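Peer 1: What follows is a predicted protein model with its sequence.
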Amino acid sequence: MLFYPLLFEPIFKERIWGGTKLKEVLNKSFNGQQIGESWELSTVENDISVVANGDFKGLNLNQLIEKYPTEVLGIKSIQHFGINFPLLFKFIDAKEDLSIQVHPNDALAKERHNSFGKTEMWYVMQADEKARLVVGFKDKTNRKEYQKHLENKTLVAVLNETPVKEGDAFFLETGTVHAIGGGVLLAEIQQTSDITYRLYDWDRVDANGVGRELHTDFALDAINFKPTNTKLNYDADKNKSVNLVECPFFKTNILQISEKYNWKKTKESFTVFMCTEGSFTISMLHFKSEFRKGDTVLIPAIIDSFEIIGEASLLEITI
């Protein structure tokens, strides 16, 4: 079997805070006006990505891994995470503020939900004027002070609100209280998990006057009450893979392609490209295809080299 770079059918998620940028900026095709998330690569239960191109078209990611585990995942991923795809990739369009929330670590998520935890990172693709993110506490606090602010609806006053622009990147360890602010379009890379504890939802209600469920009791054991440094500092360089994040769950580089780039790696792990700007062509002996802004491409582990031609900015993610 000849393996090749894989595209998948996006899984669209309607959200109360969603907008239309996934369609307008990333050229996604969907019906609806409040699509907040495009799940690009997922093996979350009931949301398993399906191959959209080539000989494997129609197979879902779990079926592909079951048939070709080492070829797709690579031995390093299998050693760390077993025969499971360990990451979830999304594009998120926040027309309005998301809820203030927190994610549990692996131990807590395993105990409560039989799930991975949710360490994640964000890369800002577009931000409206005055857009911001909420990331962590301004100063060290504790449960008692936090609960007092929650009850008084003054939680935002003790949280760190950070203005953002295109190209800003953030790494959020589990336990970091956070929210994506309105006007932000971003790429999100995270562990395969859909476990979120909502702390506060801006007193928002639906058409029937009902607010979304909060998880304030569950969240108490998950929160890191210390300030955290989440913003990533980096200097991108043409035709050079520059590291943004390296953690136990994933490694993310930024790769800015200018004209031509010879891409090489070992066969130890799969790689994923998220195209955040421009377009590019991957050329191999038996494969040639163009990809563009908004595409997420899975490079099976067995592929170790090819030529990239174009002008593009890519997030390059591996284990």
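Peer 2: The structure has been received and is ready for your questions. Numbers count the residues shown, from 1 in each chain.
Peer 1: Pretty sure Glu307 sits against Phe280.
Peer 2: No: counting by Cβ atoms under 8 Å, Glu307 stays clear of Phe280, with 10.1 Å between them. Bear in mind the C-beta positions are built from the backbone N, C-alpha and C, glycine included.
Peer 1: Of the two, which one has the most company?
Peer 2: Using other Cβ atoms under 10 Å as the criterion, Glu307 and Phe280 rank with Phe280 on top: 25 against 13.
Peer 1: Could you check what's spatially nearest to the more buried one, not counting adjacent residues?
Peer 2: Leaving aside its chain neighbours, Phe280 sits nearest to Gly310 (3.3 Å; criterion: Cβ to Cβ, 6 or more residues apart in numbering).
Peer 1: in which helix or strand would I find the one you found?
Peer 2: For Gly310, the host element (DSSP states H and E) is strand 305-318.
Peer 1: quick one: the most centrally placed residue in the chain from Leu6, how far?
Peer 2: Centroid check for the chain by Cα atoms, centre = their mean gives Glu188 as the closest residue, at 2.0 Å. According to Cβ to Cβ, to the nearest Å, Glu188 stands 20 Å off from Leu6.
Peer 1: what does Thr70 give?
Peer 2: Per Cβ to Cβ, Thr70 is found 16 Å from Leu6.
Peer 1: quick one: contacts for Lys90?
Peer 2: Lys90 is in contact with 37-40, 187-188, 190, counting by Cβ atoms under 8 Å, 6 or more residues apart in numbering.
Peer 1: do that again at 6 Å, thanks
Peer 2: Contact partners of Lys90, counting by Cβ atoms under 6 Å, 6 or more residues apart in numbering, are 37, 39, 188.
Peer 1: Contact partners for the last one?
Peer 2: Looking back up the chat, that one is Glu188. 90, 92, 120, 122.
Peer 1: Thought Leu172 was touching the third one, still the case?
Peer 2: When you say that, I think you mean Glu120. Yes: shown here, Glu120 and Leu172 form a contact pair, counting by Cβ atoms under 6 Å, at 5.2 Å.
Peer 1: quick one: the helices in the stretch 101-250 of the chain?
Peer 2: Taking DSSP state H, counting those that start in this stretch to define them, one finds helices in the stretch 101-250 of the chain at 106-113, 143-151, 216-220.
Peer 1: and of the ones you listed, who's closest to Asp201?
Peer 2: Asp201 sits nearest to helix 216-220 of all these, at 11.0 Å, using Cβ to Cβ.
Peer 1: Next, the buried residues of that closest one.
Peer 2: 218-219 (16 or more other Cβ atoms under 10 Å).
Peer 1: Could you shift the numbering so residue one becomes 39, and keep it that way?
Peer 2: Shifting the count to begin at 39 puts that one at helix 254-258.
Peer 1: quick one: contacts of stretch 73-88?
Peer 2: 46-53, 55-56, 60, 66, 98-100, 123, 126-131, 230, 232, 334.
Peer 1: If you could redo that for stretch 335-347, that was the one I meant.
Peer 2: 41, 43-44, 109-112, 295, 298-303, 305, 307-311, 318-322, 329.
Peer 1: for that stretch, the distance to its chain's centre please.
Peer 2: Centre-to-centre, stretch 335-347 and its host chain are 20 Å apart (Cα atoms, centre = their mean, to the nearest Å).
Peer 1: What of stretch 211-230?
Peer 2: 8 Å.
Peer 1: Other residues contacting stretch 268-283?
Peer 2: 159, 173, 207-210, 290-294, 296, 299, 354.
Peer 1: pLDDT of it, averaged?
Peer 2: In this model, stretch 268-283 has an average pLDDT of 96.
Peer 1: Need the per-residue pLDDT for the spatially closest residue to Gly219 that is not a sequence neighbour.
Peer 2: Nearest residue to Gly219, sequence neighbours excluded (Cβ to Cβ, 6+ apart): Arg170, at 4.4 Å. For Arg170, the model assigns a pLDDT of 98.
Peer 1: Same check on the one 4 residues further on?
Peer 2: In this model, Gly174 is scored at 97, pLDDT.
Peer 1: Then Asn69?
Peer 2: So Asn69 comes in at 89 (pLDDT).
Peer 1: just Asn65 next, same as before
Peer 2: For Asn65, pLDDT reads 95.
Peer 1: Make sure I have this right: it is in a helix.
Peer 2: No: Asn65 is assigned coil when assessed by DSSP: H, G, I helix; E, B strand; the rest coil, not a helix.
Peer 1: Show me how this structure divides into domains.
Peer 2: 49-258, 279-356 (automatic domain parsing).
Peer 1: picking that back up, in helices only, show me the contacts of stretch 335-347.
Peer 2: Taking DSSP state H as the definition of helices, the contacts of stretch 335-347 contribute 109-111.
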